[in-house]
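Colleague: sharing a model prediction with you, sequence too.
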Amino acid sequence: MAISGNPKKIAQDISEGIVLVSTSMLKRFNAADMKIIISNMGIVSRELRAEQIPLEDVMALKKKNMKISRMNQAEMIIRAHCKKLRIPI
């Protein structure tokens, strides 16, 4: 099934916690879709890491770190799912 909507927006939603990545959610995507999602997650991760936040703003730092954590966790889940199904990415 093709990705409905903008893949970069899906990656941003993953970082915000709106979309939860699970193996059952990944079943509806084919190999090309997963490659697109992973590449867009890399773009969003770079944007998150490039964001400069003052060290005094603890809540903003925590929010940024949670987004980065969600992205890393989702990428690990996608890569493990692809490895299990022998999907090259």
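Modeller: Received it, and whenever you're ready, just let me know what you need. Numbers count the residues shown, from 1 in each chain.
Colleague: how close does K67 get to M76?
Modeller: Noted for K67: a distance of 15 Å to M76, by CB to CB, to the nearest Å. Glycine gets a C-beta too; all of them are placed from N, C-alpha and C.
Colleague: okay, the two: which has more neighbours?
Modeller: The neighbour comparison of K67 against M76 (other CB atoms under 10 Å) goes to K67, with 21 against 11.
Colleague: model confidence score at that one, please.
Modeller: pLDDT, K67: 96.
Colleague: going forward, begin numbering at 43 instead of 1
Modeller: New numbering, starting at 43: the last item is K109.
Colleague: show me the contact partners of the helix or strand of the chain with the lowest mean pLDDT.
Modeller: Using mean pLDDT, DSSP states H and E, helix 65-68 stands out as the lowest-scoring helix or strand of the chain, at a mean of 91. The contact list for helix 65-68 (CB atoms under 8 Å, 6 or more residues apart in numbering) reads 61, 76, 119-120, 123.
Colleague: for those, which one is nearest I95?
Modeller: Ranked by distance to I95 (CB to CB), the contacts of helix 65-68 are led by V61 at 23.6 Å.
Colleague: before we move on, back to that, helices - which of the contacts of helix 65-68 land there?
Modeller: 76, 119-120, 123 (DSSP state H).
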